[in-house]
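# next come a sequence and a model predicted from it.
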Number of protein chains: 2
Amino acid sequence: MSLLVVGTMAFDAIETPFGKSDKIVGGAATYIAWSASNFVKKINQVAVVGEDFPQAELDALKARGVQLDGVEIRKGEKSFFWSGRYHMDMNTRDTLDTQLNVLLNFDPVIPASYEDSDFVMLGNLMPSLQMQILDRLPKAPKLVVMDTMNFWMETAMDDLLKVMKRVDVLTINDSEARQLTNEYSLVKAAKKILSDFGPKYLVIKKGEHGALLFHGDHVFFAPALPLEEVFDPTGAGDTFAGGFIGHLAATKDISFENMKRGIIYGSALASFCVEKFGAERLREVTQAEIEARVKLFVDLVQFDIQLVD
Amino acid sequence: MSLLVVGTMAFDAIETPFGKSDKIVGGAATYIAWSASNFVKKINQVAVVGEDFPQAELDALKARGVQLDGVEIRKGEKSFFWSGRYHMDMNTRDTLDTQLNVLLNFDPVIPASYEDSDFVMLGNLMPSLQMQILDRLPKAPKLVVMDTMNFWMETAMDDLLKVMKRVDVLTINDSEARQLTNEYSLVKAAKKILSDFGPKYLVIKKGEHGALLFHGDHVFFAPALPLEEVFDPTGAGDTFAGGFIGHLAATKDISFENMKRGIIYGSALASFCVEKFGAERLREVTQAEIEARVKLFVDLVQFDIQLVD
């Protein structure tokens, strides 16, 4: 049993109120793979990169158990590039530049060696490509988690609605939940998504304000760890998703109780991600550090009230 | 052992994106008293009202165990009046009108019958008046909790800094913590407040995003309950403070562990407050409803992860 991940592997150039990065390795599938590889030892990666994508990055991922048979390297072409500037709150950002490059005619192929993909993480990508992945899977997966963003709601809503019908868990942020449903209340937005849009589980990511997991009438909330400094939030949502599905795939348990634990592991990994530019911190994090951070989440929220019944 | 509460008892006129109230009873000390009276059976209220303040409101509070010997009724004068309009996020608001009226020359008197005041709640008020209360207490209290707001940071910072030196627990919201310390990170802001400003405990209220309790190196976080509708957030912070100190006073336990429970009770009471205009919902809430809501908080945040050590 293993985890298929699809999404961008790319370059980012990031400005925050506290610093500025050169062109560094980024992309949803990169962050998801780094994060999930703490839990899952075989990750089936599907992506397209240009000739400019560093071999050292591919080697490092390979050493973590990330299979690259499904990562196409296009000779003479350039990788996807995104550049953005974060506002003071580190929750909102402006896109400065987007160069689709290799993404323009990406035709994802799922190699035969990926036929054990029981868990599928559709990282943020054109909805039509996310749909192609689902169409091309060799067998029905146990769980499909999908991440998306406001950009696709504005430019590819029909495709987005179609692919959403086929996923089990949707992860979006609070403003995207509002945009998708036209409901300001996140509780109302969640009810609408769960009843009308397809997914049976919904994760609403609220950045520094934590994350909510909705399923039926159940709600679970995990705070973000209060941090002294958020250095770079890029990839935090992808890292969260990677930790979430990585834990589920590793434990082969898709119960609501286990999804709660997935949310905590995802939140723990995301709290590392924001400590340095790009995926730098994710490359060095140890199992002991992850356990210690999960312990901080326990301490942060646990209380003991004796109720009458 | 009982709880002394000081603050405004007043009239509010409130506009939200969802409705508009007439001139209704409000004021920090009113909300605190309604909330704390679910826990403490003798509340020693200190306030000043005009002749226009409804006797029925005073009678209702009296019936809840709120002592009114320290509530001065000024003949021929009008009660404090505030009018405001909330934005769509229900977290930010514009003040439309403020009429100080009786507050202009409020000279608080602590009656002899209040000499058992071991717990003191300084509701939001001019810092100089909060200081007078502390100066006029018959004996040193066991715990002083103080609420304040950005308005006093802008108009009476020196007085505010002085009174802060004498309180145990400070409750402010996130933007006020940033304003007070010039630190954007709430963790850094909290460290500065706890090390330099006087209080040994700090509660940062984040509205719909919950509340943080800081003490030394300890942090506790309680979410706000995800609600389908927030009808009127007026008084939610005061209600929270009333539930918090009410629980502490009732249990006579000022440990960090018990403060966590206080935060949960405060959050539960605040979640009722916002369901209707003014303090209407607080008047009718039952012990069974409070217990049921605390249970929702337990369900919302509890998870079970087996850590290695």
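Arrived safely, thanks for sending. Numbering: from 1, shown residues only, chains lettered A, B, ... in the order given.
# export stretch A:167-180 as PDB, just CAs?
Extracted in PDB, the C-alpha atoms of stretch A:167-180 (Å, rounded to 0.1, in the frame of the first residue of the first chain):
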ATOM      1  CA  VAL A 167     -12.800  13.000  -3.900                       C
ATOM      2  CA  ASP A 168     -13.200  11.900  -0.300                       C
ATOM      3  CA  VAL A 169     -11.500  14.800   1.500                       C
ATOM      4  CA  LEU A 170     -11.200  18.400   0.300                       C
ATOM      5  CA  THR A 171      -8.700  20.800   1.900                       C
ATOM      6  CA  ILE A 172      -9.200  24.500   1.300                       C
ATOM      7  CA  ASN A 173      -8.600  27.600   3.300                       C
ATOM      8  CA  ASP A 174     -11.300  29.700   5.000                       C
ATOM      9  CA  SER A 175     -11.600  32.400   2.300                       C
ATOM     10  CA  GLU A 176     -11.800  29.700  -0.400                       C
ATOM     11  CA  ALA A 177     -14.600  27.900   1.600                       C
ATOM     12  CA  ARG A 178     -16.500  31.200   1.600                       C
ATOM     13  CA  GLN A 179     -15.900  31.900  -2.000                       C
ATOM     14  CA  LEU A 180     -17.000  28.400  -3.100                       C
END
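# any residue of that stretch touching chain B?
No: judged by C-beta under 8 Å from any C-beta of the partner chain, stretch A:167-180 and chain B are separated, with a smallest distance of 10.0 Å. Using the backbone N, CA and C atoms, a C-beta is placed for each residue, glycine as well.
# for that stretch, buried residues please.
Of the residues in stretch A:167-180, A:167-174, A:176-180 count as buried by neighbour count, 16 or more other C-beta atoms under 10 Å in any protein chain shown.
# same thing with stretch A:127-147?
Going by neighbour count (16+ other C-beta under 10 Å), the buried part of stretch A:127-147 is A:127, A:129-134, A:137, A:141, A:143-147.
# what do you get for stretch A:87-107?
In stretch A:87-107, counting by 16+ other C-beta under 10 Å, buried: A:90-91, A:93, A:101-103, A:106.
# about what we covered before: mind giving me JSON lines with the buried residues of stretch A:127-147 and columns for distance to chain B, secondary structure and pLDDT?
Formatted as JSON lines, the buried residues of stretch A:127-147 follow (distance: C-beta to the nearest C-beta, whole Å; DSSP: H, G, I helix; E, B strand; the rest coil; pLDDT from 0 to 100):
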{"residue": "A:Pro127", "distance to chain B": "27", "secondary structure": "helix", "pLDDT": "97"}
{"residue": "A:Leu129", "distance to chain B": "33", "secondary structure": "helix", "pLDDT": "97"}
{"residue": "A:Gln130", "distance to chain B": "28", "secondary structure": "helix", "pLDDT": "98"}
{"residue": "A:Met131", "distance to chain B": "31", "secondary structure": "helix", "pLDDT": "98"}
{"residue": "A:Gln132", "distance to chain B": "35", "secondary structure": "helix", "pLDDT": "97"}
{"residue": "A:Ile133", "distance to chain B": "31", "secondary structure": "helix", "pLDDT": "97"}
{"residue": "A:Leu134", "distance to chain B": "30", "secondary structure": "helix", "pLDDT": "98"}
{"residue": "A:Leu137", "distance to chain B": "31", "secondary structure": "coil", "pLDDT": "96"}
{"residue": "A:Pro141", "distance to chain B": "25", "secondary structure": "coil", "pLDDT": "97"}
{"residue": "A:Leu143", "distance to chain B": "19", "secondary structure": "strand", "pLDDT": "98"}
{"residue": "A:Val144", "distance to chain B": "23", "secondary structure": "strand", "pLDDT": "98"}
{"residue": "A:Val145", "distance to chain B": "19", "secondary structure": "strand", "pLDDT": "98"}
{"residue": "A:Met146", "distance to chain B": "22", "secondary structure": "strand", "pLDDT": "98"}
{"residue": "A:Asp147", "distance to chain B": "21", "secondary structure": "strand", "pLDDT": "98"}
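# ok and the residue in the stretch 51-200 of chain A nearest chain B?
Scanning the stretch 51-200 of chain A for the residue nearest chain B gives A:Val187, at 4.6 Å (criterion: C-beta to the nearest C-beta).
# that residue: neighbouring residues, count only.
Neighbours of A:Val187 under the rule other C-beta atoms under 10 Å in any protein chain shown: 17.
# C-terminal to the helix or strand containing it, what's the next element?
In the assignment (DSSP states H and E), A:Val187 maps to helix A:186-192. Once helix A:186-192 ends, the next helix or strand along the chain (criterion: DSSP H and E) is strand A:201-205.
# for that next one, which strands pair with it and how are they oriented?
strand A:169-173 (parallel), strand A:211-215 (antiparallel) (DSSP bridges).
# which positions within stretch A:242-251 qualify as buried?
Residues of stretch A:242-251 classed as buried: A:242-250 (neighbour count, 16+ other C-beta under 10 Å).
# what about the stretch 201-309 of chain A, any weak spots by pLDDT?
Filtered on pLDDT under 70, the stretch 201-309 of chain A yields the residue ranges A:308-309.
# quick check: the spatially most central residue of chain A vs chain B, distance?
Centroid-nearest residue in chain A, with C-alpha atoms, centre = their mean: A:Asp238, separated by 2.6 Å. To chain B, A:Asp238 is 22 Å away according to C-beta to the nearest C-beta, to the nearest Å.
# could you find the closest non-adjacent residue to that residue?
A:Tyr31 (3.6 Å; C-beta to C-beta, 6 or more residues apart in numbering or on different chains).
# what's around the one you found, how many residues?
So A:Tyr31, with other C-beta under 10 Å, has 31 neighbours.
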